[in-house]
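[1] Structure, please.
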Amino acid sequence: MVKYLGLTPFAAYVILFLAIPTVLAVTTGFFTEDGAFTLDNIAGLFAPNVLATFGASFWVSAVTAVIGAVVGALVCYALLGTKAEGTLRTVIDSLSSVLAQFGGVMLAFAFIATIGNQGLITVFLRGIGIDIFAESYWLYQLPGLLPVYIYFQVPLMIITFMPALQGLKTTWAEANATLGGTPFTYWTRIAIPVLAPSFIGSLLLLFANAFSSYATAAALISQGAQIVPLQIRSALVSETVLGRENMAGSLALGMIVVMVVVMWGYSVLQNRTSRWQR
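    Below you'll find the model as predicted:
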């Protein structure tokens, strides 16, 4: 028991700031304001506007995850040609670690100040007669989340996928060449099948990252509840939602179910990836 005492601070953190809030958020969806058990809030998850919000969240998360995964994987592939301890690899690794965590109000402000209605680039282009960003109202709507989310999705992909590419053994390529194989056969029959679980796992991680993001979207979109986290905010600050009380708890339950499924898939794929990395 003594050797586990070192985990006490972490366990306390998990219980106080993760477990208890999650349980409270989920269980409130099954009760009315008076404390009576009800399923009306759960039934509200199937309302057309709620389903549309989940669909929008899935769309934004899927698009940014796919783009971030593809671009990030290409960057990782390009980095294979550099020295592992070289300056370029070190700088990109450091930037990726920082930019992957750069979000919230700071990131929203950066985009508004850059390509917003009165952003630096918008004003500059307007001055030379180019009005490509003159009507930048799209930035404050659902499409505006795409470039903002991709901004931190690509660095996250670089961090998570680079170890898998580095795990490819040179002996596999040598064996392929010895047996008369070509670079095409190496990638299609060895590298891609080996990397597929890691790539898909990273893709799921990016999806979960975008699906659960709140602060950046809240800073950009001040009107309406176009994605699930913003709809939870709306349910918390409004007195009634669809005539149901504690709707925020039901929405939180829906998000948790999605996140559990996605992270379970990520865990399974990571376990498969670890088999050949040992």
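
[2] switch to C-alpha atoms for all contacts and neighbour counts from now on
    Fine.

[3] Same question for the host helix or strand of N41: list its buried residues.
    If you go by DSSP states H and E, N41 is part of helix 40-43. Neighbour-count burial for helix 40-43, with 16 or more other C-alpha atoms under 10 Å as criterion, is recorded at D40, N41, I42.

[4] Same check on stretch 114-131?
    Residues of stretch 114-131 classed as buried by neighbour count (16+ other C-alpha under 10 Å): T114, I115, G116, N117, Q118, G119, I121, T122, V123.

[5] Rebuild those residues as TSV, extending it with distance to A47.
    TSV is the format used below for the buried residues of stretch 114-131 (distance: C-alpha to C-alpha, whole Å):
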residue	distance to A47
T114	38
I115	36
G116	34
N117	35
Q118	38
G119	38
I121	41
T122	40
V123	42
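
[6] For the residue nearest the centre of the chain, give its distance to A12.
    The centroid of the chain falls nearest to N209 when counting by C-alpha atoms, centre = their mean (2.0 Å). Noted for N209: a distance of 24 Å to A12, by C-alpha to C-alpha, to the nearest Å.

[7] With C76 instead?
    37 Å.

[8] So for those two, which sits in the more crowded spot?
    Ranked by neighbour count (other C-alpha atoms under 10 Å), C76 and A12 place C76 first, with 23 against 12.

[9] Next, give phi and psi for that one.
    phi -60, psi -40 (degrees, to the nearest 10).

[10] and if you look at G116?
    Dihedral angles (degrees, to the nearest 10) for G116: phi -70, psi -170.

[11] Make sure it is actually in contact with W138.
    No - G116 lies out of contact with W138 (C-alpha atoms under 8 Å); the separation is 9.2 Å.

[12] okay, now the closest residue to G68 other than its chain neighbours: neighbour count?
    Take G68 and drop its neighbours on the chain: the residue closest to it by C-alpha to C-alpha, 6 or more residues apart in numbering is V154, 4.4 Å away. Around V154 sit 25 other residues, with neighbours defined as other C-alpha under 10 Å.

[13] list the contacts for V154?
    Contacts for V154 were tallied using C-alpha atoms under 8 Å, 6 or more residues apart in numbering; they are I67, G68, A69, V71, G72, A100.

[14] Only the buried members of these: can you turn that into a ChimeraX selection?
    Buried members of the contacts of V154, defined by 16+ other C-alpha under 10 Å, are picked up in ChimeraX with:
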select :67,68,69,71,72,100
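
[15] Now pLDDT, distance to A215 and secondary structure too, for the contacts of V154, in JSON lines please.
    Shown next, in JSON lines, are those (pLDDT from 0 to 100; distance: C-alpha to C-alpha, whole Å; DSSP: H, G, I helix; E, B strand; the rest coil):
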{"residue": "I67", "pLDDT": "96", "distance to A215": "21", "secondary structure": "helix"}
{"residue": "G68", "pLDDT": "95", "distance to A215": "19", "secondary structure": "helix"}
{"residue": "A69", "pLDDT": "95", "distance to A215": "22", "secondary structure": "helix"}
{"residue": "V71", "pLDDT": "95", "distance to A215": "24", "secondary structure": "helix"}
{"residue": "G72", "pLDDT": "94", "distance to A215": "23", "secondary structure": "helix"}
{"residue": "A100", "pLDDT": "87", "distance to A215": "14", "secondary structure": "coil"}
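
[16] related to what we said a few turns ago, give me the pLDDT for the residue nearest to the centre of the chain.
    pLDDT, N209: 91.

[17] Can you show me the helices along the stretch 51-200 of the chain?
    87-99, 104-115, 120-127, 145-166, 170-178, 183-186, 192-211 (DSSP state H, counting those that start in this stretch).

[18] mind checking which of those helices is nearest V228?
    helix 192-211 (8.2 Å; C-alpha to C-alpha).
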